[in-house]
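[1] Let me see the structure of the following:
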Amino acid sequence: MDKIRDNLNYLGLALIGLAFISIIIWPYKKTTPLILAILGMASLAVYIFLNRSILKQTLKRKSFIYSGNLIVVIVLVLGILVLINYFLARHHHRFDFTEAKLHSLSDQSVKLLNNLTDEVHIKCFFLEGNFSRNSMENLMNIYNYHSKKIKYEFIDPDKNPGLVKRYEISEDGTTIIESRDKESRITSTTEEDITNAIIKVSREKKKVIYFLEGHGELSIEVTDERGYSFAKEELEKLGYEVKKLALALSETFPQDCALLVIPGAEKDLLPNELETIRNFLNNKGGRIFFMVDPQTAPGLTPFLSEFGIQLEEDLIVDTVSRLLGGDYFMPVINEYESHEITEKFRYATFFPFTRSINVAEETPEGITASILAKTSPNSWSERQLTVQEVAFDKDKDVAGPISLAAVVTVEQKEEEKEEKAAEEKEKTTEAEEEEEKEEDKVKQPGRLAVFGDSDFASNRYYHFSGNGNFFLNTVNWLTEEADLISIQPKTSSPRTINLTPSQGRMIFFVSIIILPLAVLIIGISVWVRRRSL
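    Residues are numbered from 1 along each chain as shown. Here you go, the predicted structure:
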């Protein structure tokens, strides 16, 4: 009887433990664990009642008090851990501690995902053994983490021949991105391609960019070093439609033109072409991107001065570029002026054979002009273009930093607004009112970008550091598509140490022999001393 009384506590704990195990193994059986739990608790109650005098004495012992304190501390720590785990399970957050942020999306991608209005469904056709599947799964998890409108699934082509036939999948690793009635497909696993595919299917309609031709400009159809085919491909990846425009042969300016790019005209534009462009900027809120090379198209100088931009007849020389493997005529830009285009832009850009671009001290009314980029203090503006040997002349040349890119915003004139308001009052019919609404949409501030070089975005230099990104950022600002992006590939820096043979031997002896030997000697000495006490 005494044995049963002394071991009732163990029996009670065992029954409660069996109740927990039972409910885990057979969750649909509620009666058995309930009976076991009741019996266990009853056993504990009987044990406490029968042993109350012994328990009272035990509670007064110091060892019990210390043990009880320890148990309370352990229970509190476990309780805190459970609460932290519960909170984190309900509030998920990712942390990326890599220096290059290899496991995070760019700020532009995150901005795009936050602005999504419709769900985007992504179907990833990957075989089980495809080595790119893991990286794609990681990216999809990150995209879904930033926006619940991203819905994705992985499909094994071997197990789903019906879907393969439906989507006409011919290559393992193909990803289909769908939103509403639009579809885009990619075969890579890079953030840039995924984000740009999402952009294509989430845009209402494509904006059209025209590249002017007929004056010796660099062509988007040419694939050699002097062409602009790389720029065209990247613009199309961003969802733009890219076309050529011979303005001299066109009777009317294209109504669907979101941006006109003039990449390095060698000859002057005709007066009627300049008038068309002027009207496009001033009266239709047009967007123009001029890239004017040195010693070309002199007629553009007075035209651009109307918008507060001064084209200098010079050539920028930069001694820093020589240190980076280039010649003196390829300025390197590492620092940029504050602007939407250069916000968070941290890449160097190279401008081969460029002229300087300045903003007039007094700009015309309604014109806001600002500089984007300047060269290093080691550069200068060479004004003596006929001299064979280039050297800085403080009396004739201008010391750096030298600006070589600028942007302009052209506001509507107040007179035009008043005339427009008077016209609106005269309109009475609904059709005319609708027409005016359409005109209101067009009547936006004009935007103009002027760079002193066109080669920086050519096929030869497009992938030099941040050249392509700078070109695309400028285009996106001009077209007011700030979330259309070109994402610089992320690379991890190598973490290696180069040691001399002597340094290697020293590290070996210290870490493998001296330190373990010292620990051993200290341990033996402590053991001997304790034995002698």
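[2] mind showing which ranges of the stretch 351-500 of the chain have poor pLDDT?
    386-388, 413-443, 482-496 (pLDDT under 70).
[3] ranges for the helices of it?
    Using DSSP state H, counting those that start in this stretch, the helices of the stretch 351-500 of the chain run over 414-426, 430-442, 467-478.
[4] secondary structure element for residue 302?
    According to DSSP states H and E, residue 302 maps onto helix 300-305.
[5] Actually, residue 21.
    helix 2-25.
[6] just checking, what packs against that helix?
    helix 31-50 (3 or more C-beta pairs under 8 Å, 6 or more residues apart in numbering; DSSP states H and E). Placement of C-beta: from N, CA and C, glycine included.
[7] Next, the buried residues of the helix it packs on.
    Of the residues in helix 31-50, 33, 36-37, 39-40, 43-44, 46-47, 50 count as buried by neighbour count, 16 or more other C-beta atoms under 10 Å.
[8] Next: stretch 144-155.
    Buried residues in stretch 144-155 (16+ other C-beta under 10 Å): 146-147, 149-150, 152, 154-155.
[9] Would you mind measuring from residue 367 to residue 66?
    Separation of residue 367 from residue 66 (C-beta to C-beta, to the nearest Å): 82 Å.
[10] got the CA coordinates for stretch 451-461 in PDB?
    Output of stretch 451-461 as PDB, limited to C-alpha atoms (Å, rounded to 0.1, in the frame of the first residue of the first chain):
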ATOM      1  CA  PHE A 451      23.800  64.400 -73.400                       C
ATOM      2  CA  GLY A 452      27.100  65.400 -74.900                       C
ATOM      3  CA  ASP A 453      27.800  61.900 -76.300                       C
ATOM      4  CA  SER A 454      25.900  59.200 -78.200                       C
ATOM      5  CA  ASP A 455      28.500  56.400 -78.200                       C
ATOM      6  CA  PHE A 456      28.100  55.700 -74.400                       C
ATOM      7  CA  ALA A 457      24.900  53.800 -75.200                       C
ATOM      8  CA  SER A 458      26.100  52.200 -78.500                       C
ATOM      9  CA  ASN A 459      26.700  48.400 -78.700                       C
ATOM     10  CA  ARG A 460      30.400  48.800 -78.000                       C
ATOM     11  CA  TYR A 461      30.000  50.600 -74.700                       C
END
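[11] Please compute how far it lies from its chain's middle.
    How far stretch 451-461 lies from its chain's middle: 24 Å, per C-alpha atoms, centre = their mean, to the nearest Å.
[12] Output the longest helix belonging to this protein.
    Scanning the chain for the helix with the most residues, using DSSP state H, yields helix 62-90.
[13] coming back round to it: does anything pack onto the helix holding residue 302? Which helices or strands?
    strand 309-311.
[14] Give the next helix or strand downstream of the strand it packs on.
    From strand 309-311, the next helix or strand downstream (DSSP H and E) is strand 315-318.
[15] starting at the chain centroid, how far to that following strand?
    With C-alpha atoms, centre = their mean, you get 33 Å for strand 315-318.
[16] what helices or strands is that strand leaning on?
    Using 3+ C-beta pairs under 8 Å, 6+ apart: strand 315-318 touches strand 379-382.
[17] Parallel or antiparallel, which strands does the strand it packs on pair with?
    Paired neighbours of strand 379-382 in the sheet (DSSP bridges): strand 315-318 (antiparallel), strand 398-399 (antiparallel).
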